[in-house]
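Asker: how would this look folded up:
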Amino acid sequence: MVGIMRRYLFLIVFIIFSVTGWAKGKDGYVVATSEAVRADAAWMKVVDALVKKHKADVIFYKENIGELQKPLRQLRPRFVAFVEKPEFLNREYVMEGHRMSRRVDEDIYADYLWGIITGFSAEDAMRLVDRSREPFLIRTALNTTCEMSDGKYFTRFAFMNDGSNGPGWWGEKNETTKETQHYQLNKWRILDKWVEKYKELDPDLLVTSSHATEHNLEMPFSVGNLKADAGRLYADFMTREYLNGTSHPRVYFAAGNCLIGNVDNDPNSMAVGWLSGMNATAMVGYVVTTWYGRNGWGGLKYWAANAGRLTLAQAIYLNQQDMLHTEFGWYPEMLTVDYPFSAGAFAEDSEFKKLFRQATGNLPTKDQKGFVHDRDVVVLYGDPAWDVKLKNPAPLGYKVDFKMKGKQCVVTIITNEYFDGALMKGGKLKQEHVTDIPFAYYFPKRVANPRLAGGQKWDIAVAEDFLLLYNCDFEKNKKYTIVLDINE
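Answerer: Prediction:
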C-alpha cells in the first residue's frame, strides 16, 4: 500500500508541475477512477490491483471523465482502464471516453486502448482484473449469429439462428466432427437449446446479434428472452432459470445488439449481468440502438481475420482507427460532427443532416451517416491490456518483423504457403456492414511521429501505435517492406 500511495502522490506532483512525458509503467498504463470509488475501500482494492498488475499511474475525476483530458495529455499512456461503479456508467460516459482518447495529440486517431472495469459489486469488478492476468486463447464458443457458423475457429462450438429471417436452424461441432453439423428446430425452442448448449459447452466466447435493450436480450426475435436481475441473467421460461457463470476467462461479443452495452446507471442492466453473473472477463457491445453495424461487426471482423495475431482490444481499436481514416477521406470536417443522439429518435436524422451540411457543405450518404452514428458507441468492458485471441484454424499465413533503425521504423511482412489474402481482408464476414478490411498491425512499441518514407507508394494510415495498409494484394511466399520515417 505504501508503494501505491507514493505513486498517487507522484501523480499529484506530476500534474501540479505540468511535467511532459509518457506514463511510467511497463506498458504505459493509467487507471482512471472517480472520487466516489476513491472513497470506497472495497472498490479501491480493484484500483490497487490494477496498479500493481501494470505498474500503473492513477488519475481521479470528481464529476465526469472530461476532467482527465489534461493529465492524459501529460501522461500519454498506451492503455487506460476506467474503474467505475455501474450507477455512474451510461452512454454519455462511453461516448466521451472515445472522444477524449482522440484529443491527446493533434492527429485524428485515438491515442490509447481503453476499457471499463465494473461489476455488480467490487468483488465482481476484481474478477475482471484477476482473470485477465494471463494470455488466453479462445477454443470454445456459443454463437447466435449466421456469421462464423462454420465453427472453424473453435474445437467445440454450437450456433443457432436468432435472426428475424427464418429462425429455427442450429448446428454444432466437437473434437470428433471436422465440420459443423446442421439441424432444424422449432423457433420457440431456440432459447431452450441455447441454455442447453451454454451449460454443456461452458463456452470461452459468446456472440449474439438479435434485438436487445439495457434489460433484455430476445433469443430469437420476439420469442425467447434473457433478462437481468441483481447482477445475474435468467432465461425467462415459465419458471425463471438463472444461469451460472464460469470458472475460466470468458469473452462476450454483442456484435449487433442494440443497447446491451449500455449500463444506463443501473446495476440491474444486462451489461452488468454479463460481467457479474455470466462472468465475462471482457465484453463488447453497443450503448445505443444500432442499424448500421460498422463498429460492432467491424471489431469482430478484425478479430476473426487476425486470429492468433490481434488481441480483442487491439482489434476493436484498429477497426475504429480504420473508420476514422475513412471518414477523414470523405471529408476531414466529418470528424467534427458528433451524432445528435440527444435530439431523440424523431429529430436526430434532421438534426444530423443539418450538422453534417454545416460542416461539409453537403448532405450525407447512408454510409457517411452510419459511420458518424457508429463512431463512439461501442464499448469494451475489461482490461484493455488483456492478451485474449481467437485460435487460428490454420498455420499463420504471414509473419511481421518490426525494427527500429535510427530515424526509421521498418515493418516487413513475409508471407508463406499458407497465406490467404481473402482471409486477411476479412473473409467476407458481415460484408454488407463491413467491406474488405486493410492489413492491420499494432506496433509492439510506440514510435514517434511515423510517416511514410519517400520513394514508396503504399496507401497507409499510420500513427504512433499502428499501421493500416490499404489496397495491398499480397501473394504467397513474398516479402513486403514498409519504411517509416520517425522522430528519435
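Asker: and this protein, what are its domains?
Answerer: 2-130, 136-312, 394-487 (automatic domain parsing).
Asker: Residue 334: which of the ones you listed is closest?
Answerer: domain 2-130 (10.1 Å; CB to CB). No exception for glycine: its C-beta is placed from N, CA and C like everyone else's.
Asker: for the closest one, what is the average pLDDT?
Answerer: Averaged across domain 2-130, pLDDT comes to 88.
Asker: returning to what we had before: would you turn the domains of the chain into JSON lines with mean neighbour count?
Answerer: Below are these laid out as JSON lines (neighbours: other CB atoms under 10 Å):
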{"stretch": "domain 2-130", "mean neighbour count": "19"}
{"stretch": "domain 136-312", "mean neighbour count": "20"}
{"stretch": "domain 394-487", "mean neighbour count": "16"}
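Asker: Out of those, flag the one nearest residue 357.
Answerer: domain 136-312 (19.4 Å).
Asker: Give me the distance between residue 228 and residue 121.
Answerer: 15 Å (CB to CB, to the nearest Å).
Asker: oh sorry, the question was meant for residue 76
Answerer: From residue 76 to residue 121 the distance is 33 Å (CB to CB).
Asker: For the biggest helix by length in the chain, buried residues please.
Answerer: If you go by DSSP state H, the chain has its longest helix at helix 312-330. By neighbour count on 16 or more other CB atoms under 10 Å, the buried set for helix 312-330 is 312-328, 330.
Asker: Now the element after that helix, going C-ward?
Answerer: Following helix 312-330 in sequence order, the next helix or strand is helix 348-360 (DSSP states H and E).
Asker: what's the angle from that following helix to helix 312-330?
Answerer: 60 degrees (axes from the mean of the first three to the mean of the last three CA atoms, to 10 degrees).
Asker: Next, the buried residues of the helix or strand that helix 348-360 is followed by.
Answerer: Counting by DSSP H and E, the element after helix 348-360 in chain order, helix or strand, is helix 366-374. Neighbour-count burial for helix 366-374 flags 368, 369, 370, 371, 372, 373, 374 (criterion: 16+ other CB under 10 Å).
Asker: what sits against the fourth one?
Answerer: The contact partners of residue 371, taken as CB atoms under 8 Å, 6 or more residues apart in numbering, are 292, 294, 323, 326, 327, 334.
Asker: just the third one next, same as before
Answerer: For residue 370, the set of contacting residues under the criterion of CB under 8 Å, 6+ apart consists of 291, 292, 293, 294.
Asker: What about these, which are in helices?
Answerer: Those of the contacts of residue 370 lying in helices (DSSP H): residue 294.
Asker: Kindly indicate which of the contacts of residue 370 lies nearest residue 437.
Answerer: Closest to residue 437, out of all of those and judged by CB to CB, is residue 294, at 11.1 Å.
Asker: Correct me if wrong: that closest one contacts residue 434.
Answerer: Yes - judged on CB atoms under 8 Å, residue 294 makes contact with residue 434 at a distance of 6.1 Å.
Asker: what about residue 200, helix or strand, and which?
Answerer: Using DSSP H and E, residue 200 falls in helix 190-201.
Asker: Residue 300 now?
Answerer: Per DSSP H and E: helix 294-305 holds residue 300.
Asker: Give me the pLDDT for the residue lying closest to residue 374 once chain neighbours are set aside.
Answerer: Of all residues not flanking residue 374 in the chain, residue 295 sits nearest, at 3.9 Å (CB to CB, 6 or more residues apart in numbering). Listed pLDDT for residue 295 reads 99.
Asker: who touches residue 295 in this structure?
Answerer: 286, 319, 320, 323, 374, 375, 377, 378.
Asker: Could you measure from the residue nearest the centre of the chain over to residue 98?
Answerer: Most central in the chain under CA atoms, centre = their mean is residue 316, positioned 3.8 Å from the mean C-alpha point. Residue 316 sits 11 Å away from residue 98, going by CB to CB.
Asker: got it, and residue 310?
Answerer: 19 Å.
Asker: Equivalent analysis for residue 325, please.
Answerer: Distance of residue 325 to residue 98, given as CB to CB: 15 Å.
Asker: now swap in residue 359 and tell me
Answerer: Taking CB to CB, one finds residue 359 at 18 Å from residue 98.
Asker: what's the answer for residue 67, then?
Answerer: Residue 67 is 16 Å from residue 98, by CB to CB.
Asker: Next: residue 154.
Answerer: Distance from residue 154 to residue 98, by CB to CB: 30 Å.
Asker: before we move on, what about residue 255?
Answerer: Following CB to CB, the distance that separates residue 255 from residue 98 is 18 Å.
Asker: following the lowest-mean-pLDDT helix or strand in the chain, which helix or strand shows up next?
Answerer: Taking mean pLDDT, DSSP states H and E as the measure, the chain has helix 2-16 as its least confident helix or strand, at a mean of 45. Moving toward the C-terminus from helix 2-16, the next helix or strand (DSSP H and E) is strand 29-34.
Asker: And that following strand, how far out from the chain middle?
Answerer: Strand 29-34 has its C-alpha centroid displaced from the chain centroid by 18 Å (CA atoms, centre = their mean, to the nearest Å).
Asker: List the contacts of it.
Answerer: By CB under 8 Å, 6+ apart, strand 29-34 touches 23, 43, 47, 50-51, 54-62, 65, 68, 72, 75, 77-85, 88, 112, 385.
Asker: Show me these that map onto strands.
Answerer: 57, 58, 59, 60, 61, 79, 80, 81, 82, 83 (DSSP state E).
Asker: Just the closest of these to residue 346, please.
Answerer: residue 82 (32.3 Å).
Asker: residue contacts, the closest one?
Answerer: Residue 82 sits in contact with 32, 33, 65, 97, 114, 115, 116, 117, where contact means CB under 8 Å, 6+ apart.
Asker: Surely the fourth one and residue 65 touch.
Answerer: Yes - checked against CB under 8 Å, the pair residue 97 and residue 65 is within contact range at 6.2 Å.
Asker: Could you point out which of the contacts of residue 371 is nearest to residue 427?
Answerer: Of all the contacts of residue 371, residue 294 has the smallest distance to residue 427: 16.8 Å, by CB to CB.
Asker: need the helices for the protein, in chain order.
Answerer: 2-16, 35-38, 41-54, 69-75, 91-101, 122-130, 190-201, 270-276, 294-305, 312-330, 348-360, 366-374, 421-424.
Asker: now for the fourth one, which elements pack on it?
Answerer: Which is helix 69-75. helix 2-16, strand 29-34, strand 57-61 (3 or more CB pairs under 8 Å, 6 or more residues apart in numbering; DSSP states H and E).
Asker: ok, now how distant is the nearest residue to residue 444 once chain neighbours are set aside from residue 456?
Answerer: In space, and not counting its chain neighbours, residue 444 is closest to residue 402: 5.6 Å by CB to CB, 6+ apart. From residue 402 across to residue 456, the span is 17 Å (CB to CB).
Asker: next one: residue 36
Answerer: 51 Å.
Asker: How about residue 180?
Answerer: Between residue 180 and residue 456 the computed distance is 43 Å (CB to CB).
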